[in-house]
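> fold the following, please.
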Amino acid sequence: MPPEVHYSDYLQLEKILHAQERVSEKLGQPAHDEMLFIIIHQAYELWFRQILFEVNSVCAIMQQPALNDNSPELQTVVHRLSRCVTILKVLVQQMDVMETMNPMDFLDFRDMLRPASGFQSWQFKILEGRLGLKYEDRHGQHYYLSQLRKEEIQLVKDSEKEISLLHLINQWLERMPFFEEDENWKNFSSRHSSGNLHPFWEEYRACYRESLSEVEKNNLQFFDQSFFRERTNDLTNAALSLSPSASRAALFIMLYRGYPVLQLPYQLLNQLLELDEQLSTWRFRHLSMVQRTIGARIGTGGSTGKDYLQSALQKHSIFREIAQLASFLIERKKLPQLSRQMEGRLGFMH
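Coordinates of the predicted model:
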């Protein structure tokens, strides 16, 4: 028989419930709202820990040499990313609780916290890196690690050496076998055939060109750069980017997501976009709260406060190239009709 487990012991409540030490109380100037401030930030760190746990598990699955898109593993990836999205929604909602503390309440203890700052959250930096935000794409690189302790800096740097989720998604998309076998396209009907591209992409490019208004004509150049530029497939040290073949696979999934085999891959891509959206929403709510609480003052950690947060909001979009694929969609009724063989591949029976 396993030993009996008690609720308090299992959750280590003795440690958790005695982990809120108000600096203001120690200094003999107890500020009531400091308790709320501590608990909310502790909750953030616990949720960051859970999201990291989920993202690391997803990366472990995606790192396998072959991932069967019809297997439970892909469903597990989608489910865990969906959980991360739901947790991020909770983090956004926690801002409502934080905003019950008005600016004067915060001033009761704010100066006692220096130089502590949310910018010292090494877990959040690791999370951004594991998702795919690289150092060269960060805003405020000179400030990025300056507020961390030596051991925390090492944790962040070590995590950045690992393969990110973005890179693993790129590899997964490149393995999509949509266009590798000519047998799948032998009966594909195309109005346009120059021989320079795969018949499907010749046809789709023409359909896309026809869908553009006069003011959108430059989009065709963007289309060609996104899907047919020559570049290395090694993205380990590259900026945030999908390779052309990965971009083509992602667009194909979005276009034909109604087919059974593509439904889970589409859900995976959609969860990545949801992750980015919720992270951006959280950053925006944080920015709005900071503007409301301290205005244009410098952050307790020495950052430029709202100016830093505004720039990070604009620059730290991790899966933006997947989001940009929406620029290349056309109406469903104008999509090229797939060959009978490809339709069979995308069904459950093939």
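
> Provide the backbone phi and psi angles at residue 115.
Per-residue torsions, residue 115: phi -100, psi 20 (degrees, to the nearest 10).

> mind pulling up the pLDDT for it?
pLDDT recorded at residue 115 is 83.

> and it, how far from residue 325?
42 Å (CB to CB, to the nearest Å). (Glycine included, C-beta is placed from N, CA and C.)

> those two: which has the busier surroundings?
Neighbours of residue 115 and residue 325, each counted by other CB atoms under 10 Å, are more numerous for residue 325; the result is 20 against 11.

> which non-adjacent residue is nearest the more buried one?
residue 251 (5.2 Å; CB to CB, 6 or more residues apart in numbering).

> what segments of the stretch 201-350 of the chain are helices?
Per DSSP state H, counting those that start in this stretch, the stretch 201-350 of the chain carries helices over the ranges 219-228, 244-255, 260-294, 306-315, 320-323, 340-345.

> give me the mean pLDDT for the first one.
The one in question is helix 219-228. 92.

> same check, this time on the last one
Along helix 340-345, the predicted confidence averages to a pLDDT of 88.

> repeat that for the fourth one.
Mean pLDDT, computed over helix 306-315, is 62.

> contact partners of stretch 154-174?
Residues outside stretch 154-174 that contact it (CB atoms under 8 Å, 6 or more residues apart in numbering): 55, 58-59, 62-63, 67, 122, 125-126, 129-132, 134-135, 145, 148, 233, 235-236, 240-243, 245-247, 249-250, 268, 272, 318-319.

> recalculate using a threshold of 7 Å.
55, 58-59, 62-63, 67, 122, 125-126, 129-132, 135, 145, 148, 233, 235-236, 240, 242-243, 245-246, 249-250, 272, 318-319 (CB atoms under 7 Å, 6 or more residues apart in numbering).

> ok, of these, which come out buried?
55, 58-59, 62, 67, 122, 125-126, 129-132, 145, 148, 235, 240, 242-243, 245-246, 249-250, 272, 318-319 (16 or more other CB atoms under 10 Å).

> so where's the stretch 101-250 of the chain uncertain?
139-142, 193-195, 230-240 (pLDDT under 70).

> nearest residue to residue 337 other than its sequence neighbours?
Closest residue to residue 337 apart from its sequence neighbours, by CB to CB, 6+ apart: residue 189 at 6.7 Å.

> likewise for residue 342?
Nearest residue to residue 342 in three dimensions, chain neighbours excluded: residue 184, at 4.7 Å (CB to CB, 6+ apart).

> do the same with residue 75
That would be residue 264: by CB to CB, 6+ apart, it lies 6.3 Å from residue 75.

> these two touch, right, that neighbour and residue 78?
Yes: using CB atoms under 7 Å, residue 264 makes contact with residue 78 at a distance of 6.1 Å.

> tell me how far the residue nearest to residue 342 lies from residue 281.
40 Å.

> quick check: residue 250 touching residue 322?
Yes: between residue 250 and residue 322 there is a contact under CB under 7 Å: 6.1 Å.

> quick check: neighbours shared by those two?
residue 269.

> output stretch 91-110 as CSV, restricted to C-alpha atoms.
The C-alpha trace of stretch 91-110 is given here as CSV (Å, rounded to 0.1, in the frame of the first residue of the first chain):
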residue,chain,number,x,y,z
LEU,A,91,-2.8,35.4,-17.1
VAL,A,92,-4.6,38.1,-19.1
GLN,A,93,-7.6,37.9,-16.8
GLN,A,94,-5.4,38.2,-13.8
MET,A,95,-4.8,41.8,-14.9
ASP,A,96,-8.3,42.6,-13.8
VAL,A,97,-7.4,41.6,-10.3
MET,A,98,-4.2,43.6,-10.4
GLU,A,99,-6.0,46.7,-11.6
THR,A,100,-8.1,46.7,-8.4
MET,A,101,-4.9,48.3,-7.0
ASN,A,102,-5.0,52.0,-7.9
PRO,A,103,-1.9,54.1,-8.5
MET,A,104,-1.8,55.6,-5.0
ASP,A,105,-2.0,52.1,-3.5
PHE,A,106,1.0,51.1,-5.5
LEU,A,107,3.0,54.1,-4.5
ASP,A,108,2.6,53.0,-0.9
PHE,A,109,5.3,50.4,-1.5
ARG,A,110,6.7,50.8,-5.0
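
> in that stretch, what's buried?
Buried, per 16+ other CB under 10 Å, within stretch 91-110: 91, 92, 94, 95, 98, 101, 105, 106, 108, 109, 110.

> out of those, which sit inside helices?
Among the buried residues of stretch 91-110, the members falling in helices (DSSP state H) are 91, 92, 94, 95, 98, 105, 106.

> identify the residues contacting the last one.
Residues counted as contacts of residue 106 (CB under 7 Å, 6+ apart) are 33, 293.

> and residue 22, how many neighbours does it have?
18.

> now the nearest residue to it once chain neighbours are set aside: how far from residue 26?
Excluding the flanking residues, the one nearest residue 22 by CB to CB, 6+ apart is residue 34, at 4.5 Å. To residue 26, residue 34 is 10 Å away according to CB to CB.

> who has more neighbours out of these two?
It is residue 34, of residue 34 and residue 26, that has more neighbours when counted by other CB under 10 Å, with 24 against 10.

> wait, the more buried one sits on residue 24?
Yes: using CB under 7 Å, residue 34 is in contact with residue 24, at 5.1 Å.
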